[in-house]
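S.K.: Sequence first, then the predicted structure:
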Amino acid sequence: MRSLRQFDLNLLLVFEALMRERHVTRAAERLYLSQPALSHSLKRLRESLDDPLFIRTEKGMQPTPRAQALQPVVQQALALLREGLAPPALFSPANSTRRFTLATTDYFEEVMYPTFLSQLLAYAPGISFSIELITQEVLSKGLEQRQVDMVVGLDSQSVLPSGVIQTPWMDEDLVCLAASHNEHVGEALDIAQFAREPHVELADISGLLPSNIDSCLAQHGLTRRVISKNLNYIAAARVVALTEAIMTLPRQMAERFVTMLPVRLVEPPKELPALKMTLIQHGLYANQPANAWLYGVLTEFANGFNYP
């Protein structure tokens, strides 16, 4: 036999059909080939294996001992190929007990996640979620190693490693928060006053990149002074409530703090960009049925989400 590199694997299908049908014409019909085309393939198969393989008799094409020995090997090889090349099994959320891990912001976890989960459990009762903070390790290793299925809510301007796929997900207006007792800040800020006020800033893992605000100020020749940099929104909001600093955050989160703390909403400068949240997954697994389903339901949720 020639080396496998020179062997046409399509000839294995010809061999399989002839073993089943023991007749050239019927084998050709099974493979949707013409009789001459199949005869030519049989000739090539015989040459490749250096054996006649099938002998024409009154009872049809009878396999030689070599063909009989090859039959289980070819059957197993073709079965493995068909299984391996078949489309992945469909994901059934109604019957699945899959646990997904989301790396996300405390904004998503506080404002959106409870509604998202309650809607999902209505038709996927066995599915569960584990929530983690977004970290650089999650972005660089967690997605690739399948420790995290998807990153939800990170700002679109974030720097990402190669191999991940980032897609737009949801936009949210920003607003400023000030203490109720803060007399230096009125109901709205222009960009010059915004820059003059002391600021409480959120770390990058909050999903809102401080650099976006700083870049906006830099375009107008301005900078700001940050008196505190916090990991989460609630800690930052408590600092605002006890100082004369302001913070910038998504409107829906700010409205929650107004009901919890002695703080109030302040309209930000019109120049500030909106928060553009994204979905991030690794390209290795984006087409896996479970991941594709998760991406789909998160997208549908964003399109139809009404803030409570």
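M.R.: Alright, I've got the coordinates.

S.K.: Which segments of the protein make up each domain?
M.R.: 4-85, 99-171+276-304, 174-273 (automatic domain parsing).

S.K.: Do a quick rundown of the strands in the chain.
M.R.: 54-57, 60-63, 99-104, 128-133, 150-155, 164-172, 174-179, 198-202, 225-230, 246-250, 263-266, 275-282 (DSSP state E).

S.K.: In TSV, list the ones you listed along with mean pLDDT, distance to P36 and mean neighbour count.
M.R.: From N, CA and C alone the C-beta is placed, and that goes for glycine too. Listed next are those as TSV, based on pLDDT from 0 to 100; distance: least, CB to CB, whole Å; neighbours: other CB atoms under 10 Å:
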stretch	mean pLDDT	distance to P36	mean neighbour count
strand 54-57	93	16	14
strand 60-63	92	16	16
strand 99-104	95	55	19
strand 128-133	94	60	14
strand 150-155	90	54	25
strand 164-172	92	48	16
strand 174-179	96	72	22
strand 198-202	92	73	21
strand 225-230	93	78	14
strand 246-250	94	70	25
strand 263-266	97	81	20
strand 275-282	92	49	21
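
S.K.: need those in TSV with distance to S92, can you?
M.R.: TSV is the format used below for those (distance: least, CB to CB, whole Å):
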stretch	distance to S92
strand 54-57	45
strand 60-63	43
strand 99-104	15
strand 128-133	16
strand 150-155	19
strand 164-172	24
strand 174-179	40
strand 198-202	39
strand 225-230	42
strand 246-250	35
strand 263-266	44
strand 275-282	20
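
S.K.: Of all these, which one comes closest to L85?
M.R.: Nearest of the strands of the chain to L85, taken as CB to CB: strand 275-282 at 22.8 Å.

S.K.: Each with direction, which strands does the closest one pair with?
M.R.: Pairing partners of strand 275-282, with direction, according to DSSP bridges: strand 150-155 (antiparallel), strand 164-172 (antiparallel).
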